[in-house]
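Peer 1: coordinates only, sequence not included:
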Ligand SMILES: NC(=O)c1ccc[n+]([C@@H]2O[C@H](COP(=O)([O-])OP(=O)(O)OC[C@H]3O[C@@H](n4cnc5c(N)ncnc54)[C@H](O)[C@@H]3O)[C@@H](O)[C@H]2O)c1
């Protein structure tokens, strides 16, 4: 891998444009491909707007070249990240095309949220250079990238990926097994399952669930991981708490019927103006600003600089 690897990003939507921004801001050349004309038209203005919003020079976007052909986007790349829609057959087909057009030494990564990397890379000839890089939204503000290896991924691929991501200011961690949800989404959705169950069982309303999290362990989470917390209170106390409380927690293996009902009633959250809570357009703007301001205040410089 060269000192400043050339990057290709496949899919110029929310995540792809954000990932392109991170590499461009760190001085990499980025080739950005999208199959849709409209997405290509929106990509650079979106990157410039986001650069400005996080206090970086919008001119940095000039490091990103837009492509309407996948092959020309990936042909010179040392590292290819796919951020196309969450659709397994589509991703499998894209990786076949990527492998045919990319250099044999290029590392190939998928930004899937939950699809097993092993399935996405199933049709590749050389699976040793393929892995998952799961970024979080917005990619230029949230530090974490989970690097997921399959049983075929080589150590050299994992090491080069961790090094590259660290060099652009990301907190890159290795996920040693290709398990659904990787690490972050498993933890997150274990909490969400219980949150929905508390409301469905009439223990409290949705606002109370959110208030409890935000006013209690949520305030500590950014500085105190759950296992640090377990050590802090003692593993003996943690064991005792688990033996009392775990039998009472929700163990459903499918989405809650409560969630089914919300979806059936068209209560889809922001997009319909109501989900667990009611959302006016103004309240949606306020919430989005609250998140951005919090992330900027927490993590300071959003991306590595030259
Ligand atoms: N949104 C999130 O918070 C988030 C977080 C982590 C991972 N992801 C994952 O990242 C990926 C992209 O998600 P997103 O939120 O950016 O979606 P998005 O819909 O904003 O972007 C997807 C882009 O892919 C383009 N596209 C469609 N068909 C294509 C093709 N054949 N080739 C190339 N591009 C094509 C679309 O035009 C669109 O611009 C998904 O796998 C998603 O699960 C999303």
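Peer 2: Yep, it's here. Keep in mind that what you see is a predicted model, and the values were worked out from it rather than measured.
Peer 1: what's near enough to touch the residue in the stretch 151-300 of the chain that the ligand sits nearest to?
Peer 2: Proximity to the ligand, evaluated over the stretch 151-300 of the chain using CB to the nearest ligand atom, is greatest for residue 185 at 8.7 Å. For the C-beta atoms, the positions are set from N, CA and C on the backbone; glycine is no exception. The contact partners of residue 185, by CB atoms under 8 Å, 6 or more residues apart in numbering, come to 113, 114.
Peer 1: need the strands for this structure, in chain order.
Peer 2: Secondary structure of the chain, counting by DSSP state E: strands at 7-10, 30-33, 64-67, 79-82, 107-110, 130-135, 144-148, 171-175.
Peer 1: Return the most buried member of the ones you listed.
Peer 2: Ranked by mean neighbour count, the strands of the chain are led by strand 7-10 with a mean of 30 (mean count of other CB atoms under 10 Å).
Peer 1: residues in contact with it?
Peer 2: Residues contacting strand 7-10 (CB under 8 Å, 6+ apart): 16, 19-20, 23, 28-34, 70, 73-74, 76-84, 94, 98, 102.
Peer 1: Please list which of the residues you listed also come close to the ligand.
Peer 2: By CB under 6 Å from any ligand atom, the members of these lying near the ligand are 16, 33, 34, 83, 84, 94.
Peer 1: neighbour-wise, which of those leads?
Peer 2: residue 33 (28 neighbours; other CB atoms under 10 Å).
Peer 1: That one and residue 71 touch, don't they?
Peer 2: No - with contacts counted by CB atoms under 8 Å, residue 33 stays clear of residue 71, the gap being 9.1 Å.
Peer 1: near the ligand, which residues of the stretch 101-250 of the chain show up?
Peer 2: So the stretch 101-250 of the chain meets the ligand at 111, 112, 113, 135, 136, 137 (CB under 6 Å from any ligand atom).
Peer 1: Now render the residues you listed as JSON lines, adding distance to residue 290 and pLDDT.
Peer 2: Listed next are those as JSON lines, based on distance: CB to CB, whole Å; pLDDT from 0 to 100:
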{"residue": "111", "distance to residue 290": "25", "pLDDT": "98"}
{"residue": "112", "distance to residue 290": "28", "pLDDT": "97"}
{"residue": "113", "distance to residue 290": "23", "pLDDT": "93"}
{"residue": "135", "distance to residue 290": "21", "pLDDT": "98"}
{"residue": "136", "distance to residue 290": "17", "pLDDT": "97"}
{"residue": "137", "distance to residue 290": "15", "pLDDT": "94"}
